[in-house]
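**Student:** Fold the following.
(chains A, B and C)
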Amino acid sequence: MSWTDERIEQLRNMWEKGLTASQIADELGGVSRNAVIGKAHRLGLKSRPSPVKATDKVAKPVKAAAPKPASPAVAPRPAAPVAPRPVTAAPRPEPKPPVQASDEGGVQAAPKPDAPRIVSIGPGGFIRQGPGDQQAPIPPAPPRRLVPAKPSPEIADKTTLLDLNDRICRWPMGHPGEPDFHFCGEAVNPGFPYCVEHCGRAYQAQLPRGTRRPPPPPPFGGPRVR
DNA sequence: CCCTGATTCGC
DNA sequence: GCGAATCAGG
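**Tutor:** Predicted coordinates for the structure are as follows:
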């Protein structure tokens, strides 16, 4: 496997989203955890709560009188220009408002202006924001018969990137780059980029960290669903 | 042991 | 540039 633009972009997203290198690795497939880390560093997006970093253990109380008076006689290595690696001194508190997925599975109430943002995961692992900023999410659109709106027989079979427009569901089916990768193609839930069904998948409360591989691995996770 | 990310270094 | 091997903390 090679690092295509697409894969690099996915790596970036997931890395910044806080997924572990391992998760990213088998999400992308074909690469090892080390490969992901290595690539991440080469891309310049390093530094994240890593277990091993600053070894600046404060001298133990016993050795408070740091026995390092710089013995004049020896001094093997004078003073290697110890690069003052900042190592992101600020631990980046990562503001995690007590947003609770209380009504899981339910429709998200319209977020109040000062209420914690509802963040959800969209296809491809993008962090997206509830559309509720402008309008109530999932307005109970009247059950319109979409018989006439049914997409042409062609895209009913396979909706490609070129077939996308703002009236059809953009939910990805399968894995990008693979021959039969396509998009849902259903008529969208008015005001959303996805059909009703996929809106339900796209707009969920963020799952709490630590939930390894939630059973319904949405977009680019599992085998393939259709 | 497991996990994590960081770093090194031969390719 | 890539990633396995290695390191080192949790």
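**Student:** and A:R42, how far is that from A:N189?
**Tutor:** 40 Å (CB to CB, to the nearest Å). No exception for glycine: its C-beta is placed from N, CA and C like everyone else's.
**Student:** Looking at those two, which is more packed in?
**Tutor:** A:N189 (21 against 11; other CB atoms under 10 Å).
**Student:** In chain A, where is pLDDT below threshold?
**Tutor:** A:50-157, A:160-163, A:174-181, A:201, A:203-226 (pLDDT under 70).
**Student:** Need the single longest helix in it, by residues.
**Tutor:** Secondary structure of chain A read by DSSP state H shows that its longest helix is helix A:5-17.
**Student:** helices and strands around the following helix or strand past that helix, which ones?
**Tutor:** Using DSSP states H and E, the helix or strand that follows helix A:5-17 in sequence is helix A:21-28. Where contact means 3 or more CB pairs under 8 Å, 6 or more residues apart in numbering; DSSP states H and E, helix A:21-28 is packed against helix A:5-17, helix A:33-42.
**Student:** Format the ones you listed as CSV; extra columns: distance to DNA strand C.
**Tutor:** Shown next, in CSV, are the helices and strands packed on helix A:21-28 (distance: least, CB to the nearest atom of the strand, whole Å):
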stretch, distance to DNA strand C
helix A:5-17, 8
helix A:33-42, 3
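**Student:** Nearest to A:V196, out of the ones you listed?
**Tutor:** Nearest to A:V196, of all the helices and strands packed on helix A:21-28, is helix A:5-17, at 25.7 Å by CB to CB.
**Student:** can you list the domains in chain A?
**Tutor:** When chain A is parsed with the TED database, its domains come out as A:5-43, A:153-207.
**Student:** wait, which of those domains is closest to DNA strand B?
**Tutor:** domain A:5-43 (3.2 Å; CB to the nearest atom of the strand).
**Student:** That closest one spans what distance, first to last residue?
**Tutor:** Using CA to CA, to the nearest Å, one end of domain A:5-43 lies 12 Å from the other.
**Student:** which of the residues in it are buried?
**Tutor:** A:7, A:10-11, A:14-15, A:19, A:21, A:23-25, A:27-28, A:31, A:35-37, A:39-40 (16 or more other CB atoms under 10 Å).
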